[in-house]
Structure formats: structure tokens, C-alpha cells
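Trainee: no sequence for this one, just the structure:
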Ligand code: SF4
């Protein structure tokens, strides 16, 4: 049997199993996702969030958003590493969003307006931070 035919057979068997499972009342979809990934602290992402996510990764590490952040970084006593690190590192791992949410709590919203205007790639700080806060809350132990 060719590899292609074998792959088709495996897919067909999986489809039949899945359909039979649904007919038998087996849970599927979002409830199963939530159950499977709760321990990994990975909440689901909806269609609107998926559309907005590419804009979160436009950082080119120019460092302009970190200008003037020294006092907040020092006052945070290790919680806040600066905006560039939040955008480039902390915001890339959803299971660590609780730490990212603590970091961004050190930056007032009016400062984010100014930083957005300064960013050469228009990283939407406010949108990104709302996303981080929402996902951190959704994955908080319950
Ligand atoms: S200003 Fe924008 S591109 Fe520059 S480091 Fe900050 S987020 Fe990245």
C-alpha cells in the first residue's frame, strides 16, 4: 500500500471514529480544548483575537519604547523589564501571561498612548496588553 493511500485510510478511519463518537454523545470542540489545556494555562483564542495577533509581533527591537522607562523598571523590583522585553519575550508565551500581566501593571495607559505613537512598526501596545490581561485572567487557577 502506498504511503498516500495509507494516509487516506488513516484519515478516513479517524473521521468515522470522530463521527461515531459525536453520535454517541462524546464531547468535542471547545469544552474538550478547555479541559485538555487548562493545566497548561492555554485559554482559547477567538476569531477576532486571531485576526489581531499578527500586529502584536511587529517589533523590530529598536528600543525606542524603552526610552524613559528606567525609573519604572527600577521601581518594579524585577517585575517589569521594560516594554521591548514585554513585547518581544513576555507576550510570546501564554502560560507565562500572569508574569506579563504583573509587568505591564507598572505602565499607565497614558504612557502606552505615547509609546504607540513612537513605535516605528506601530505595535498596538494597548490592544496587546488587553489581550495579555484577558488571557492571564482566563488561565488563572480557579
Ligand atoms: S518601539 Fe516598537 S519596534 Fe521598537 S522596541 Fe518598542 S515595540 Fe519594538
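Mentor: Thanks, I have it. Predicted, not measured: the structure shown is a model, and the values here were computed from it. Numbers count the residues shown, from 1 in each chain.
Trainee: List the buried residues for the helix-or-strand element of the chain with minimal mean pLDDT?
Mentor: Counting by mean pLDDT, DSSP states H and E, the chain has its least confident helix or strand at helix 30-37, which shows a mean of 87. Buried residues in helix 30-37, counted by 16 or more other Cβ atoms under 10 Å: none are found. Every residue, glycine included, has its C-beta placed from N, CA and C.
Trainee: Show me what that helix is packed against.
Mentor: With contacts taken as 3 or more Cβ pairs under 8 Å, 6 or more residues apart in numbering; DSSP states H and E, helix 30-37 sits against no other helix or strand.
Trainee: what does the chain put close to the ligand?
Mentor: Residues of the chain found near the ligand (Cβ under 6 Å from any ligand atom) are 59-65, 83-84, 87, 119-121, 123.
Trainee: Contacts only, for the residue nearest the centre of the chain.
Mentor: For the chain, the residue nearest the mean C-alpha position is residue 94 (4.6 Å; Cα atoms, centre = their mean). By Cβ atoms under 8 Å, 6 or more residues apart in numbering, residue 94 lies in contact with 41-43, 135, 139.
Trainee: Adding distance to residue 70, write those residues out as TSV.
Mentor: Shown next, in TSV, are the contacts of residue 94 (distance: Cβ to Cβ, whole Å):
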residue	distance to residue 70
41	31
42	34
43	33
135	28
139	31
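Trainee: from those, which is closest to the ligand?
Mentor: residue 135 (19.0 Å; Cβ to the nearest ligand atom).
Trainee: what's next to the helix or strand containing that closest one, contact-wise?
Mentor: Secondary structure assignment for residue 135, by DSSP states H and E: helix 125-138. Helix 125-138 has contacts (Cβ under 8 Å, 6+ apart) with 43, 49, 52-53, 55-56, 65, 83, 87, 90-91, 94, 97-98, 100-101, 104, 107, 109, 112-113, 115-116, 119.
Trainee: what ranges do the helices span in the chain?
Mentor: Taking DSSP state H as the test, the helices found in the chain are 3-23, 30-37, 47-56, 70-75, 83-88, 97-104, 109-118, 125-138.
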